[in-house]
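**Q** With the sequence up front, the predicted model follows.
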Amino acid sequence: NAGVTQTPKFQVLKTGQSMTLQCAQDMNHEYMSWYRQDPGMGLRLIHYSVGAGITDQGEVPNGYNVSRSTTEDFPLRLLSAAPSQTSVYFCASSEGQGTDTQYFGPGTRLTVL
Amino acid sequence: DAKTTQPNSMESNEEEPVHLPCNHSTISGTDYIHWYRQLPSQGPEYVIHGLTSNVNNRMASLAIAEDRKSSTLILHRATLRDAAVYYCIRPFGNEKLTFGTGTRLTIIP
């Protein structure tokens, strides 16, 4: 199993550009989530999904969209990038609830100029 | 309040035990305590979790106070590879784990 994979590993955007961060898992997990981690900070939950077709907002959802059309994939879309979205983004999955053991991807480091 | 309280940083000598404390005074009776760690430039990884009694696995032990208002993660013999940020986490609802800033553990050779 590859576990949780994220692409790209690094990305530089200009203010106002849009892009999609990809996340996939091959463990047939129902629960998936996106976090952002700013320098020297903990992780903050952006959006999460408890299964295909179901998504909900976390602590910091503004400026981001998600969808969950399949169990495997959970892309995160930045609609109009802003410098405040410069961060490292982590995707995670777990078998059932979000309180089950979560498996994290390696992260995407995003810089918005 | 779904937050926990941990020291910002700790140091320990290599090959000695490490005790990482966490306060969670408002935890409910059915919430598990979870510990994750984040090695440099990596995503967090699961360490251990527990509800009431002490728990052990190959990575660490978790000692939970009788009143459940605090817990301690125990690394029995720290190595340089254990240098990481350790997060003590309690659930926020059924679908969420909330990460604070954690404890940065430095291992001294």
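**A** On my side now, so go ahead. Residues are numbered from 1 along each chain as shown, chains lettered A, B, ... in the order given.

**Q** Residue numbers of chain B in contact with chain A?
**A** Residues of chain B found near chain A (CB under 8 Å from any CB of the partner chain) are B:32, B:34, B:36, B:42-46, B:49, B:87, B:91, B:93-102. Just so you know, the C-beta spots here come from the backbone N, C-alpha and C atoms, and that holds for glycine as well.

**Q** Nearest to chain B within chain A, name that residue for me.
**A** Residue nearest to chain B within chain A (CB to the nearest CB): A:Phe104, separated by 3.2 Å.

**Q** If we ignore the residues flanking it in sequence, what's nearest that residue?
**A** B:Gly43 (3.2 Å; CB to CB, 6 or more residues apart in numbering or on different chains).

**Q** Same check on A:His29?
**A** A:Ser93 (3.9 Å).

**Q** hmm, back to that, what number of residues lie near the residue nearest to A:Phe104?
**A** Neighbour count for B:Gly43, taken as other CB atoms under 10 Å in any protein chain shown: 22.

**Q** is it true that the residue nearest to A:His29 touches A:Gln25?
**A** Yes. Using CB atoms under 8 Å, A:Ser93 is in contact with A:Gln25, at 4.3 Å.

**Q** which of the two has more neighbours?
**A** For A:Ser93 versus A:Gln25, neighbours defined as other CB under 10 Å are more numerous around A:Ser93 (28 against 24).

**Q** what packs against the helix or strand hosting that one?
**A** Assigned by DSSP states H and E, A:Ser93 belongs to strand A:87-94. Counting contacts by 3 or more CB pairs under 8 Å, 6 or more residues apart in numbering or on different chains; DSSP states H and E, strand A:87-94 is packed against strand A:4-7, strand A:19-25, strand A:31-37, strand A:103-104, strand A:108-112.

**Q** How much space separates the residue nearest to A:Phe104 from A:Ser33?
**A** Using CB to CB, to the nearest Å, B:Gly43 is found at 12 Å from A:Ser33.

**Q** residue ranges of the strands in chain B, please?
**A** Assigned by DSSP state E, chain B shows strands spanning B:9-13, B:18-23, B:33-38, B:45-50, B:55-56, B:61-64, B:70-75, B:84-89, B:103-108.

**Q** Which strands and helices lie in contact with the first one?
**A** Okay, so that is strand B:9-13. Going by 3+ CB pairs under 8 Å, 6+ apart, strand B:9-13 lies up against strand B:18-23, strand B:103-108.

**Q** I'd like these written out as a markdown table, with mean neighbour count added.
**A** Listed next are the helices and strands packed on strand B:9-13 as a markdown table, based on neighbours: other CB atoms under 10 Å in any protein chain shown:
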| stretch | mean neighbour count |
| --- | --- |
| strand B:18-23 | 19 |
| strand B:103-108 | 17 |
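
**Q** low pLDDT regions in the chain?
**A** Assuming you mean chain A. Applying pLDDT under 70 to chain A picks out residues A:98.

**Q** wrong one, chain B
**A** Ranges of chain B meeting pLDDT under 70: B:1-2, B:92-95.

**Q** Residue of it closest to chain A, please.
**A** Closest residue of chain B to chain A, CB to the nearest CB: B:Gly43 (3.2 Å).
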